[in-house]
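1. For reference, the sequence and a predicted model appear below.
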Amino acid sequence: MRTEIRFAGVGGQGNILAGEWVALAAHNMGLNALQSPTYTAQVRGGPTSVDVLIDKNPIGYPRLISIDFFLCLAQGAWNLFSVQMKEDSIVVIDPNLVTKVGSGPQQIYPIPIIQVTKQTVEKPVYTSAVSLGIFCRLMPTIPQDEMIRTIEKNAPAGTVEKNLLAFRTGWDIVDKTKPVPRNELAQATA
């Protein structure tokens, strides 16, 4: 079954790295996976996204068609990349950075990812690992133990423990967050 994932934000938030590690974890499971990053002209601080496709069958068309999971960390990225979502897509936003979502049928998990990262791991560079914890908790595509192995193998030397702490923080915070109907958020921020 094909799974379509998009992480979006601004350059420097680790979204591209999150997508890379999801694709690596899928490969390690014997699945077909590819990731394609999108940069705007302004790489650092400009909207970016990474699309990840995972399928047990060969991937013939390498573009997203209908997103299953979308995590967004910036309003500019939301404005550009919040398209192609299914009616039941799992959507996660940082409500401190994405304040206008417009109407739609999805349920949205408002999780202050950057704030949580700073409070628990002290450096925003670990935002990608927090995002991966949230992703793995909400999407059964990549099991928790596989993502932990991927982080352990690929995190830069000296950062493995902090990345794993960030991952577990993201995993745990989902249990404390209730999804909100997108239309309700849209009305609250109109």
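-> Perfect, thanks for sending it.
2. all helices of the chain, in order?
-> Secondary structure of the chain (DSSP state H): helices located at 15-28, 75-81, 113-120, 127-138, 144-154, 160-175, 182-189.
3. just those: most buried one?
-> The highest mean neighbour count among these, using mean count of other Cβ atoms under 10 Å, belongs to helix 127-138: a mean of 26. C-beta: built from backbone N, CA, C; applies to glycine.
4. how far out from the middle of the chain is that one?
-> Here helix 127-138 is found 6 Å from its chain centre; the criterion is Cα atoms, centre = their mean, to the nearest Å.
5. same check, this time on stretch 159-175
-> Taking mean C-alpha positions (Cα atoms, centre = their mean), stretch 159-175 and its chain are 14 Å apart.
6. With mean pLDDT added, can I get the helices of the chain in JSON lines?
-> Converted to JSON lines, the helices of the chain look like this (pLDDT from 0 to 100):
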{"stretch": "helix 15-28", "mean pLDDT": "94"}
{"stretch": "helix 75-81", "mean pLDDT": "94"}
{"stretch": "helix 113-120", "mean pLDDT": "96"}
{"stretch": "helix 127-138", "mean pLDDT": "97"}
{"stretch": "helix 144-154", "mean pLDDT": "97"}
{"stretch": "helix 160-175", "mean pLDDT": "97"}
{"stretch": "helix 182-189", "mean pLDDT": "90"}
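7. Between those helices, which one is closest to residue 53.
-> For those, proximity to residue 53 was assessed by Cβ to Cβ; helix 15-28 is nearest, at 8.4 Å.
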